[in-house]
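1. Have a look at this fold, sequence not included:
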């Protein structure tokens, strides 16, 4: 008997053994995709000079906050080869009908404790950190100079200037597997 394969309904014409094989192959590919996505780096980038603020799953998704003429800010979401635009402040200030406060049932909302936040912060790797500030007061700048010189030995690049420049650049990287592991360990 010949098998007819036509479009997305080709599974209907396959024998049960072949259908099971295709189902196992698709399930295996789905599991492989989920497992591989756990190791894709998540990047958080903030630069006050170039006005770039984004979160990115390298190669898949990038969400950036940008300035807009009509709205104050817009969120641009790049998914593969498509762009989507969201205006979060538009929904915030639009009039909504008021709802009656709901009575809380027996469900308790679980609070995230300081210990869990600390463990999550430990999973992030600082790729680049640059802080260049001018407080506007010469005495305060002079007091901060030794503190920043001490910080330069351990992390990042901290500088004090007397020229009125203020800049912060922060580039963090993490992987979903590290975040998941920190949640499981606590």
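-> Alright, I've got the coordinates. Not measured: the values here are computed from a predicted model.
2. Show me the residue at the heart of this protein, geometrically.
-> The centre of the chain sits closest to residue 55, judged by C-alpha atoms, centre = their mean, with a distance of 4.2 Å.
3. and that one, how far is that from residue 41?
-> For residue 55, the distance to residue 41 equals 11 Å [C-beta to C-beta, to the nearest Å]. C-beta coordinates here come from the backbone N, C-alpha and C atoms, glycine included.
4. which residues of this structure fall in helices?
-> Secondary structure of the chain (DSSP state H): helices at 16-37, 88-93, 114-122, 138-154, 176-185.
5. ok, what's across the strand from the nearest residue to residue 145 once chain neighbours are set aside?
-> Closest residue to residue 145 apart from its sequence neighbours, by C-beta to C-beta, 6 or more residues apart in numbering: residue 160 at 5.1 Å. When bridges are called by DSSP bridges, residue 160 pairs up with residue 133.
6. Report the contact partners of residue 36.
-> Residue 36 makes no contacts at all, as judged by C-beta atoms under 8 Å, 6 or more residues apart in numbering.
7. Check residue 40 too.
-> 57, 58, 59, 60, 175, 176.
8. How much space separates it from residue 143?
-> Counting by C-beta to C-beta, the gap from residue 40 to residue 143 is 43 Å.
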